[in-house]
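> build me a model:
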Amino acid sequence: MSDAVLSARTALVTGASSGIGWETARLLAGHGATVLVHARTTAEAEAAVARLVDAGVRRDQLVELAADFTHLSEVAVLAGTVVKHYPALDLLVNNAATVAPERCTLTDDGNEVSLQVNFLAAHLLSKLLRAPLSAAGDARIVNVSSSLHRTASMNWSDPHRVKKYSRVAAYAQSQLALTMATADMAPAGSGITAVSVNPGLCDTALLPLYGRAGAPAAEGAAAVVRLCLPETVVANGAYFDGGVIAPTAQAAQEERSLKRLAKLADQLVGQAV
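Below is the predicted model:
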């Protein structure tokens, strides 16, 4: 099963209990990586690992980790666990995502739930894991985004969209924020490269938001994993649509907007650090 190209590398995949995340974990392990399999709960992480073993992955390549991203304190604890046990982390795949609910829903941290799970958790995780990522040398962060980010706009005055809520607009904003923040997750001189990717419309838990038929999750995962492989040349901040580089939303190219987002994100996660 393994071509061993990632045999000496460690990867953390968030949201790996199902869909693209689970398939990404399977494919990375197939390339020889040690995969930290993140899920919302310990039971979900253990079940995901059991299914991976049933699919042919060696058990000693898999480590289960749990954190509920609707609680930023759990994101911080997860990062602390990784830092303690893995002083060098080669790959971080920010895949965890949730569909925005029908009504505006705030987490205990005070953030709109899809903004927190889909973006703020990744923002916080990338900051808290910078030391092991830098220590790895040539580490990569791959953010699993969506083509919907091109339809979005940042609601700077009401980022949680409390005053005028739309679940599609909230979800799209979370993906825009993730795409915009990608380059900032790998500062110059850190030895990290960060990219984002639209894996395509796949048959996952997010599909109802699009209302169309989707491809198998394994197809989307293949696009993600390709960006994790050493032979794939990537530039920091690049956005991929499937297997090709594509233009991002205009906001992701505006320096003023990028700085504004970085400041906002730090404010929204500040108390969790």
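
> show the contacting residues for residue 170.
With contact set as C-beta atoms under 8 Å, 6 or more residues apart in numbering, residue 170 has these partners: 100, 104, 112, 114, 115, 161. Bear in mind the C-beta positions are built from the backbone N, C-alpha and C, glycine included.

> who touches the fifth one in this structure?
The contact partners of residue 115, by C-beta under 8 Å, 6+ apart, come to 159, 160, 170, 173, 174, 177, 268.

> out of those residues, which sit inside helices?
Restricting the contacts of residue 115 to those inside helices, with DSSP state H as the criterion, leaves 170, 173, 174, 177, 268.

> number of nearby residues for the closest residue in space to the third one that isn't next to it in sequence?
Same thing as residue 174. When the adjacent residues along the chain are set aside, residue 174 lies closest to residue 118, with 3.8 Å between them (C-beta to C-beta, 6 or more residues apart in numbering). When neighbours are counted by other C-beta atoms under 10 Å, residue 118 registers 31.

> what's the burial count for residue 168?
14.

> filter the contacts of residue 170 down to just the ones in helices.
Judged by DSSP H, the subset of the contacts of residue 170 located in helices is 114, 115.

> Serialize the contacts of residue 170 to TSV and add fields for pLDDT.
Conversion of the contacts of residue 170 to TSV gives the following (pLDDT from 0 to 100):
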residue	pLDDT
100	86
104	97
112	97
114	96
115	97
161	95
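
> show me which of the contacts of residue 170 is closest to residue 26.
Distance to residue 26 across the contacts of residue 170 (C-beta to C-beta) is lowest for residue 114, with 25.8 Å.

> from residue 101, how far off is that closest one?
8 Å (C-beta to C-beta, to the nearest Å).

> same deal with residue 183?
Look at residue 183 and residue 101: by C-beta to C-beta, they are 30 Å apart.

> the more surrounded of those two?
For the pair residue 183 and residue 101, the greater number of neighbours falls to residue 183 (20 against 14), based on other C-beta under 10 Å.

> which residues sit in contact with the more buried one?
Contacts were defined as C-beta under 8 Å, 6+ apart; by that measure residue 183 touches 194, 236, 237, 258.
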